[in-house]
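Chemist: Pasting a predicted model and its sequence here:
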Amino acid sequence: MNTIVNNNLLIKLKCLNSNTLKMIAICVMLFDHIVYLIAYLNPSLYPTFLFTTILHIPGKIVAPIMCNFIAQGYYYTRSRKKYVLRLFIFALISHIPYNLFFGTDMLMTTSIIWGLMLGLISLIIVKKENLNKFLKVILVLICCFFALFSTYDTLPVLWILVFGVYKDNIKKQIILFTLVALFGGLSAIVPTLIINGYQQIYRFGIFLAIPLILMYNGQRGRKSNFFKYGFYVFFPLHHLVLYIIYLILR
């Protein structure tokens, strides 16, 4: 009887399809970047704890959610090569708007889409049965190196591997996801706290993605190109629009 009740409860909790999760990610990301915009326009706000820390906590759920979708996409896409190519194209498209909005060096920094692409490539490498294990490690390390130039550096690569390799083992996913979040790169929680101080505690918002991922029911929802490509189009577009707003209002 208890087993039946627990199973019914789990079914009810898994109430989010991929379309709903993508919309949540888009809305939270937009909110996070509007906070940046307000701070750019009012520099006196940026040193405050509210604008440097508290308001950025929700936005940390976006990267883990997208990494989970990339790992899911590995199993369900019709063509992995086309999937990699699509991410590569959107990484190129997103590069200039991303750097314009955040005011970063275009030769040294790029958006998380680049890291997502390298994460997918790493998962393809790891899942190839005819590749030598040592060669797999070398190739994944190369992907991690090139990911250093993108937002979150190696975290997206490692998260995608965690979600992809342990697709059917939630317990291992959560444990390894947590370890990567804490120690998996220069953008991980512990290194950033050590280097940049207590204001980086907003990165603990990453763990708010766990209940959302657990609530994912594995279903797509209504099939449409808007939900299929919406995030990738919205990502560079909203950076460009916010940058134009910044130029007008400053």
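Modeler: Arrived safely, thanks for sending. Model, not experiment: these values are computed from the prediction.

Chemist: how about low-confidence regions in the chain?
Modeler: 1-12 (pLDDT under 70).

Chemist: If we go by neighbour counts, what in the host helix or strand of Ala91 is buried?
Modeler: Assigned by DSSP states H and E, Ala91 belongs to helix 80-102. Neighbour counts over helix 80-102 (16 or more other C-beta atoms under 10 Å) mark 80, 83-84, 86-88, 90-91, 93-101 as buried. Where you see a C-beta, it was placed from the backbone N, CA and C, and this is true even at glycine.

Chemist: can I get the CA coordinates of the helix or strand just after that helix in PDB?
Modeler: Using DSSP H and E, the next helix or strand after helix 80-102 towards the C-terminus is helix 112-127. Extracted C-alpha coordinates of helix 112-127, given in PDB (Å, rounded to 0.1, in the frame of the first residue of the first chain):
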ATOM      1  CA  ILE A 112      27.600  29.200 -22.200                       C
ATOM      2  CA  ILE A 113      26.300  27.900 -25.600                       C
ATOM      3  CA  TRP A 114      30.000  27.100 -26.400                       C
ATOM      4  CA  GLY A 115      30.300  25.100 -23.200                       C
ATOM      5  CA  LEU A 116      27.000  23.300 -23.900                       C
ATOM      6  CA  MET A 117      28.400  22.300 -27.400                       C
ATOM      7  CA  LEU A 118      31.600  21.000 -25.900                       C
ATOM      8  CA  GLY A 119      29.600  19.100 -23.200                       C
ATOM      9  CA  LEU A 120      27.600  17.400 -25.900                       C
ATOM     10  CA  ILE A 121      30.800  16.500 -27.800                       C
ATOM     11  CA  SER A 122      32.300  15.100 -24.600                       C
ATOM     12  CA  LEU A 123      29.200  12.900 -24.000                       C
ATOM     13  CA  ILE A 124      29.400  11.600 -27.600                       C
ATOM     14  CA  ILE A 125      33.100  10.800 -27.000                       C
ATOM     15  CA  VAL A 126      32.500   9.000 -23.700                       C
ATOM     16  CA  LYS A 127      29.600   6.900 -25.100                       C
END
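
Chemist: Quick one: residues in contact with whichever helix or strand comes after helix 112-127.
Modeler: Using DSSP H and E, the helix or strand that follows helix 112-127 towards the C-terminus is helix 133-147. For helix 133-147, the surrounding residues in contact (C-beta atoms under 8 Å, 6 or more residues apart in numbering) are 114-115, 118-119, 121-122, 125-126, 128, 131, 153-154, 156-158, 161, 185.
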